[in-house]
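K.L.:
I would like the atomic coordinates for the input below:
(2 chains, ligands or ions: 2)
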Protein chains: 2
Amino acid sequence: MPDLRPVFFVIGLMSAALGILMFIPMLVDLFDEARAWQAFGIAGGITTLFGTLLATITYTPNPDLRARGAFVLTVFSWLTLSILSALPFLFEPINLSITDALFESTSGITTTGATILTGLDDMPRGVLMWRALLQWIGGVGIIVTAMAVLPMLKVGGMQLFRLESSDMGEKILPRAASLAIGISLVYLTLTLLCFAGYMLTDMNWFDALAHAMTTLATGGYSTSDASMGGFMDSGADIVAVVFMIAGGMPFGIYLLMTTRGDWGAPLRDSQVRAFLTVITCLIAIMTLFLLLSDQFEFSRGLRLAAFNTVSIVTGTGYATTDYASWGPFAVSAFFAFMFIGGCAGSTACSIKIFRYQVAFEALRNYLFRMPRQHSVVPMRYGGRPLPPSVVYSVMSYFFVFFLTFVVTAILLSLIGLDPITAWSGAGSAVANVGPGLGDIIGPSGTYQDLPGTAKWILLTAMIIGRLEIVTALVLLTPAFWRS
Amino acid sequence: MPDLRPVFFVIGLMSAALGILMFIPMLVDLFDEARAWQAFGIAGGITTLFGTLLATITYTPNPDLRARGAFVLTVFSWLTLSILSALPFLFEPINLSITDALFESTSGITTTGATILTGLDDMPRGVLMWRALLQWIGGVGIIVTAMAVLPMLKVGGMQLFRLESSDMGEKILPRAASLAIGISLVYLTLTLLCFAGYMLTDMNWFDALAHAMTTLATGGYSTSDASMGGFMDSGADIVAVVFMIAGGMPFGIYLLMTTRGDWGAPLRDSQVRAFLTVITCLIAIMTLFLLLSDQFEFSRGLRLAAFNTVSIVTGTGYATTDYASWGPFAVSAFFAFMFIGGCAGSTACSIKIFRYQVAFEALRNYLFRMPRQHSVVPMRYGGRPLPPSVVYSVMSYFFVFFLTFVVTAILLSLIGLDPITAWSGAGSAVANVGPGLGDIIGPSGTYQDLPGTAKWILLTAMIIGRLEIVTALVLLTPAFWRS
Ligand SMILES: [K+]
Ligand SMILES: [K+]
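P.N.:
Ligands and ions are numbered 1, 2, ... in the order given. As a prediction, the model looks like this:
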């Protein structure tokens, strides 16, 4: 049993920071003279106090974590922040039920973007700002987790992305802190660029800011019930495509570009090349389909195909249109696209490009060996040897990902959801995409009308998905807790 | 490039045998004075002649095969037999289109059991006998392939089931021939026992025989449009459950029992234990669901649950009722059950129990290693060490299985099938189950109304699924054909 005081100390600091963040929407609503400022004021006070107290009582002079502590920290920090960030939704005048509040906050901080709210266009701007902030910090949180923590813990093959400096030992906290600063600067810069892009369209500064935050986070919360549909004609979809792709890129690449001036890094990175190739091919296929089925002329077809493909592949989940009207091919294709995801070390979730690369390399290797009856031929990834332990991790990840997906879908069916809603909702939650398929939770629907049990199942799936599943699963094994 | 004469010699012999088999339905229809005897007569003549000619011109004194030749033989023998066995359906008075004839014969010989025929109850008995025979020989064919050929070729982890005698070298043909005799005797005996069981119910001798053949083959073709629904009240469902399970057992176990008198073998076999445990648990869950949702009283609920669960898990695909009326849980659960399958070395298809065992062992091992940062801890299967190459093969199989499934589903969507039909039809074809879900191809539907392109996609998926996918895929790699 590891010493968990450093874990709760860090969670205390994070909670206090979250509490302070709540004063931003409070100020927005004070300025707007919207009564929702009170909810953010109360929740911010409680959260800051809770965080400070927790950090105080768990303070140790030299906090550091080894592997097992880092697992506990990762899982419990996401859980705690999901719960605390639901607080503002609970108070007057927002006043959601506990289920709805927790669904909305979890969906936000995991960057899933499934919403139970309707009437967004008339919502106090503080509430919209809070939802955008949640996704924004969730996004940067997952990048730091994916770069500083998961590679060391060998989660799902992420050990492929150990930085050179990680050979210096297992001091996780100092590394995470220094990495967090660099990543945050890059993330902030990209968000500001995206904001500037949106300002060139019909968006006012508030919509531009909120959408910039949820675009980089590949989160998908919008300030309008029509999602991006209302802004498309002025070119917001083009800005979104660029920055959703930027959000799905490995952020380590940006650090190489900025700190070392290595501007060719993206083109040399095997994962980035594969990611951009996949996106280009899928957009081409969808555009061709829209043209051949005579649904749109070329430029509109291309824009719709590009926007919706990038939105689903990166797991952002913005919608401009209900693509169910494009026919069964679009529905099946977008359902499958949910399981692709962006690059490792990005804000995107789902299976991710590098795992497909590893799986295809393993398959290629296996098909090569089979007829020759060779027992071993070395595998490679990105020009370097691929250790068997990485292949095992990746393969186990695939297995446990689909298991989680299927179990979630069956549980949702058990409480009576129709198959389309159950299976697409399960996939969308585990892959942190947001919208599902069908009349209820499709691109033009809302999660509001689902039964409470369904919301609990889905928000659990979102957290498990965001934690790359195995990070959460390992805490449930008895072996983890044995000394 | 291997010498392919032995391959075509064996295919010639198989074709000649298939042609001779066609005279059985011919005799049935001659006896019944049904005009369909002509179709079987002509097709039988052509097929026997073709097979004899092929074997004659490719004869070599000492035919034997190495690994690559065995791959070619496996793939081309299933292809050739699928095509030849469609011949009777093409001639007057049966007179199906080429697409329909090939769909019906492929669905038969791969033991899938999806049918484009309706009005089975009034069909000439020769046609019904031919459909049952196709599944029966397909069933024994896959057992022999799975026991004698695939383990040697290391297909999808089947090397776990190398018999001890396989250390003697790679002489595939003699082994396969001697194994085929033993297996065929066991298979015949079990079929006769099943026939006797059905004779105790309301079935007449013809229905009993036809169903016995398609039960052991876990094939699912029936002699009635109502499938087993019409015979259930007299207890045919109970006989079917017993012998569908028998068909899903590893036939090597039966050889151990009969040739060595080792009657405890099934209970010591880790795969058999897991198979029976899984089936028992799933039946218990479905029964509980039917009871709690107040749909049936206990004994009827148990029988319906047991029959339909075993029918789908083993991939037989008989129906007694349209379980879609049981609600969304049943639909989702039965959809997921398609991907389980029986044991390796049985007539069942799909992913199969041992692959799940290997995947769970790999996952357990990975979860154990992760927090401790151990690099390697040995894995075990059935009390013996599990070599890494087997884990790779199994994991690659999972990956390529789901890839095939998704690609098939998307292709079916592309030609306009609704999502439920496309995804369930794809799963049902790749896993060789038979019925899909929804109004068109569900348990009470038929594949007749699908567009021709859909039938071609589905029959291709059936063959690829029956060949354990990688067996077919490896022939498509350029590396296979290089010396
Ligand atoms: K999202
Ligand atoms: K079947």
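K.L.:
per-residue confidence at the residue of the stretch 201-350 of chain A found nearest ligand 2?
P.N.:
At 23.9 Å from ligand 2, A:S332 is the closest residue in the stretch 201-350 of chain A, using Cβ to the ion. Just so you know, the C-beta spots here come from the backbone N, C-alpha and C atoms, and that holds for glycine as well. Turning to A:S332, the model gives it a pLDDT of 95.
K.L.:
How about A:L73?
P.N.:
On the pLDDT scale, A:L73 is placed at 92.
K.L.:
does the closest residue to it other than its chain neighbours sit in a helix, a strand or a coil?
P.N.:
Excluding its sequence neighbours, the residue lying closest to A:L73 (Cβ to Cβ, 6 or more residues apart in numbering or on different chains) is A:V7, at 4.5 Å. Look at A:V7: counting by DSSP: H, G, I helix; E, B strand; the rest coil, its state is helix.
K.L.:
show me what contacts A:V7?
P.N.:
By Cβ atoms under 8 Å, 6 or more residues apart in numbering or on different chains, the contact set of A:V7 is A:65, A:69, A:72-73, A:76.
K.L.:
pretty sure the residue of the stretch 201-350 of chain A closest to ligand 2 is touching B:T408, no?
P.N.:
No. Assessed by Cβ atoms under 8 Å, A:S332 is found out of contact with B:T408, at 10.5 Å.
K.L.:
which residues of the stretch 101-250 of chain A fall in helices?
P.N.:
For the stretch 101-250 of chain A, the helices defined by DSSP state H, counting those that start in this stretch cover A:125-144, A:150-153, A:172-199, A:205-216, A:236-247.
K.L.:
Which of these has the lowest mean pLDDT?
P.N.:
Looking across the helices of the stretch 101-250 of chain A, the weakest by mean pLDDT turns out to be helix A:150-153, at a mean of 83.
K.L.:
how far does that one sit from the chain's center?
P.N.:
Distance of helix A:150-153 from the chain centroid (Cα atoms, centre = their mean, to the nearest Å) equals 18 Å.
K.L.:
For the residue of the stretch 201-350 of chain A closest to ligand 2, pull up the helix or strand it's in.
P.N.:
Taking DSSP states H and E as the criterion, A:S332 maps to helix A:328-337.
K.L.:
Which positions in the next helix or strand after that helix come out as buried?
P.N.:
Counting by DSSP H and E, the next helix or strand C-terminal to helix A:328-337 is helix A:353-372. Using 16 or more other Cβ atoms under 10 Å in any protein chain shown as the test for burial, helix A:353-372 gives A:353-359, A:361-363, A:365-367, A:369-371.
K.L.:
Need the helices of the stretch 101-250 of chain A in TSV (columns: distance to ligand 1).
P.N.:
Formatted as TSV, the helices of the stretch 101-250 of chain A follow (distance: least, Cβ to the ion, whole Å):
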stretch	distance to ligand 1
helix A:125-144	8
helix A:150-153	19
helix A:172-199	16
helix A:205-216	8
helix A:236-247	10
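K.L.:
quick one: contacts for the residue of the stretch 201-350 of chain A closest to ligand 2?
P.N.:
A:S332 is in contact with B:409-410, B:412-413, B:419, B:422-423, counting by Cβ under 8 Å, 6+ apart.
K.L.:
Quick one: which of those has the lowest pLDDT value?
P.N.:
Lowest pLDDT within the contacts of A:S332 is found at B:P419 (92).
K.L.:
close enough to count as contact, that one and B:S413?
P.N.:
Yes. Between B:P419 and B:S413 there is a contact under Cβ under 8 Å: 6.7 Å.
K.L.:
Roughly how far does A:F399 sit from chain B?
P.N.:
5 Å (Cβ to the nearest Cβ, to the nearest Å).
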